[in-house]
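1. Sequence and computational prediction follow.
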Amino acid sequence: MADAAPGSAAAQAAGLVFDRAGSVAGEPATETPRSLPVCRQWLGPALAMGASIRRAAVAEAVAEIAPGLHWMHRAGSETAAPTFRNGHANALILGPRGIETRDDVWIGVTLMAPGTTYVDHDHPPEEVYLSLTPGEWWNAGMDWTDPGMTGLIYNPPGIRHAMRAGATPFLALWFLPV
Ligand SMILES: [Fe+2]
């Protein structure tokens, strides 16, 4: 688990994302809003959980923009186990296919149904995750961890990682300086 103390890796990565997002505007969206069955079933309950937490303002902001998001399955998950394929959805807020199209930062959101585990994956950019519901993260340097509503998850560049929902839906934001 990471902390957001000034100078920490998580704070520096998130700082890069917000500095870039705040200094130059991206292009208009290229995609139209799209929902998925898992969103129709679990986004409302996940956001309702988020409304009662310390990060309620973030959950409220996500609720406000959620209808405009283009929700997608993970690329390549067509042949994955149905529990994963049907149990997750991703959407970019800023980034390719986001509400704001840009290629210097990705800010996105992942929703998962209860009991869903996201596939192990990696990517060159470092990444900060912010949880809006209970959930656990793993990476090659860290056991499964629930960061709670005060912690963050930081994944160094290229590290293998995953996340999983428990008995409740899972909702989290991710921030990548690309
Ligand atoms: Fe990731």
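-> Looks like it arrived, so ask away.
2. From here on, just use CA atoms for contacts and neighbour counts.
-> Will do.
3. any idea how far residue 21 is from the residue nearest to residue 136 when sequence neighbours are not counted?
-> Excluding the flanking residues, the one nearest residue 136 by C-alpha to C-alpha, 6 or more residues apart in numbering is residue 146, at 4.3 Å. Counting by C-alpha to C-alpha, to the nearest Å, the separation of residue 146 from residue 21 is 28 Å.
4. ok, now residue 57?
-> Here the criterion is C-alpha to C-alpha. By it, residue 57 lies 19 Å from residue 21.
5. neighbour count winner among those two?
-> Counted by other C-alpha atoms under 10 Å, residue 57 and residue 21 do not tie: residue 21 has more neighbours, with 20 against 13.
6. In terms of secondary structure, what does the helix or strand hosting the more buried one contact?
-> Using DSSP states H and E, the element containing residue 21 is helix 9-23. Counting contacts by 3 or more C-alpha pairs under 8 Å, 6 or more residues apart in numbering; DSSP states H and E, helix 9-23 is packed against strand 105-112, strand 127-131, strand 153-155, strand 170-177.
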